[in-house]
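Colleague: what follows is a predicted protein model with its sequence.
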Amino acid sequence: MMNFLVKTIANAGALAVAVWLLADITLTGDSTGKEIGTLILVALIFGLVNFLVKPVVKLLSLPLLILTLGLFTLVVNALMLLLTSWLADKLDLSFHVEGFWTAVLGGLIISVVSWALNVVLPDKD
């Protein structure tokens, strides 16, 4: 349970950095508390998408991953971020990613920041 909480916090932090750095990834709210709550909910959705959908997409795109020596992973990460944005919109959360190339850059930022936070944060069950 602790591991799940740490990964969710790391995802929320990574999403916050992407929102801060990229103007086309937006998170709006009436107050800071509401924005943090939205960010945590979006991080949960992002974690769920990465847990359920990403392995299937990576398996189906395995030839492209091999052909591009893994660079197609950036496209897969962008698609997962766009799917998270779409789901957040359907759940009436104020998180939106505008455009594919923004999603590619956002996915790259989220991957790097999430990796760094997972290195720093404790990993205990």
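Modeller: Happy to help now that I have it.

Colleague: in this structure, which spans are strands?
Modeller: Ranges of strands within the chain are 25-27, 95-97, based on DSSP state E.

Colleague: ok, residues contacting the last one?
Modeller: By C-beta atoms under 8 Å, 6 or more residues apart in numbering, the surrounding residues in contact with strand 95-97 are 15, 24-27, 38-39, 42, 81-82, 84-85, 88-89, 103, 106. Every C-beta, even on glycine, is put in place using the N, C-alpha and C of the backbone.

Colleague: now a PyMOL select for only the buried ones of those residues.
Modeller: The following PyMOL line selects those of these that are buried, judged by 16 or more other C-beta atoms under 10 Å:
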select buried, resi 15+25+27+38+39+42+81+82+84+85+88+103+106
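
Colleague: neighbours of Ile40, just the number please.
Modeller: By other C-beta atoms under 10 Å, the residues close to Ile40 number 15.

Colleague: whoops, Ile109 was the one
Modeller: 21.

Colleague: over to Val120?
Modeller: Val120, neighbours per other C-beta under 10 Å, totals 9.

Colleague: please tell me the pLDDT value assigned to it.
Modeller: In this model, Val120 is scored at 85, pLDDT.
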